[in-house]
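Asks: just the structure for this:
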Amino acid sequence: MFDHRAMLKLYFIAGTQDCRHLSGRPAQNLLYILEQALQSGITCFQFREKGQGALQDAVQIRQTAADCRDLCRHYRVPFFINDDIRLALELGADGVHIGQQDTPPEQAAALCKGRLMLGLSHNTLAELAASRQNEAMDYAAVGPIFSTRSKADAEPVVGTDFIRRIRSSGFLHPLVAIGGITEHNAAAVRAAGADGVAVISAITQAADIGAAVGKLLAD
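Replies: As a prediction, the model looks like this:
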């Protein structure tokens, strides 16, 4: 069993679409980047195959997800799948992450059947208030904290003050912040009250992944 707060310290999210700036096969590039990130100390990984350039073939998606799962198991890091509860259950993932426009949390909890950890995205205090009594939710994700280009459909930027407002309201759930987070602002985001930070391009675009992970982990 994973400690929900500890696993959020550096939460890496990626799919093959985030690795297309590299030459070669995107799936192999994703695995290469993921293994470097795991070796360097990331505390959680979410496979998110969405957006322009993402794989469309279900067999390829399943195989890539399974390969990512195997790497995470080897390094004893929790493995999440974005949105696809069926695939997460089929592959024996540790958890699934859903957005506000994805599967309703109550339905997701029923589908997870107690076998998957459940993370949920939030962009407003009203959304967080609705999740406050949600016993099925293992952690809340909030953001985007800063402007981001990793998601074309990103919600409005909320800033680090939003995290402080969440904590001052008495929200006690484990909290991970996402959106525009880099090695230069990660420590400030945690200082505002987040248990951890979630990143995509700060790792996938890094010239030196080990150095980038080290700086993202630094308080």
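Asks: give me the contacts around the helix or strand bottoming out on mean pLDDT in the chain.
Replies: Lowest by mean pLDDT, DSSP states H and E among the helices and strands of the chain is helix 105-112, with a mean of 83. The set of residues external to helix 105-112 that reach it, using CB atoms under 8 Å, 6 or more residues apart in numbering, is 85-86, 88-89, 96, 98, 102-103, 118, 120, 131, 134, 136-137. Heads up, the C-betas are built off the backbone N, CA and C, glycines and all.
Asks: contacting residues for residue 121?
Replies: If you count contacts by CB under 8 Å, 6+ apart, residue 121 has them with 97-100, 141-143, 178.
Asks: buried sites along stretch 203-217?
Replies: 203-206, 209, 212-213, 215-217 (16 or more other CB atoms under 10 Å).
Asks: cool, and stretch 78-93?
Replies: 78-85, 87-89, 91, 93.
Asks: and if you look at stretch 93-103?
Replies: Quick answer for stretch 93-103 (16+ other CB under 10 Å): 93-99, 102-103.
Asks: rewinding a little: of the contacts of residue 121, which is the nearest to residue 127?
Replies: residue 100 (6.1 Å; CB to CB).
Asks: quick check: pLDDT value at that closest one.
Replies: You'll see residue 100 listed with a pLDDT of 86.
Asks: quick one: end-to-end distance for stretch 6-13.
Replies: Length of stretch 6-13, first residue to last, CA to CA, to the nearest Å: 16 Å.
Asks: and the helices in the protein?
Replies: Assigned helices in the chain, in chain order: 26-40, 58-74, 85-91, 105-112, 125-131, 160-168, 186-191, 201-204, 209-217 (criterion: DSSP state H).
Asks: go through those helices and name the closest to residue 19.
Replies: Of all these, helix 26-40 comes closest under CB to CB, at 3.9 Å.
Asks: count of neighbours near residue 59?
Replies: 8 (other CB atoms under 10 Å).
Asks: just the CA trace of stretch 54-65, in PDB.
Replies: In PDB, the C-alpha atoms belonging to stretch 54-65 read as follows (Å, rounded to 0.1, in the frame of the first residue of the first chain):
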ATOM      1  CA  ALA A  54      -1.500  10.300 -29.300                       C
ATOM      2  CA  LEU A  55      -1.800   6.600 -30.200                       C
ATOM      3  CA  GLN A  56      -5.200   5.600 -31.700                       C
ATOM      4  CA  ASP A  57      -4.800   1.900 -31.900                       C
ATOM      5  CA  ALA A  58      -6.200   0.200 -28.800                       C
ATOM      6  CA  VAL A  59      -3.700  -2.700 -29.000                       C
ATOM      7  CA  GLN A  60      -0.800  -0.300 -29.100                       C
ATOM      8  CA  ILE A  61      -2.200   1.700 -26.200                       C
ATOM      9  CA  ARG A  62      -2.700  -1.400 -24.100                       C
ATOM     10  CA  GLN A  63       0.800  -2.600 -24.800                       C
ATOM     11  CA  THR A  64       2.500   0.700 -24.100                       C
ATOM     12  CA  ALA A  65       0.500   1.100 -20.900                       C
END
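Asks: all set, thanks.
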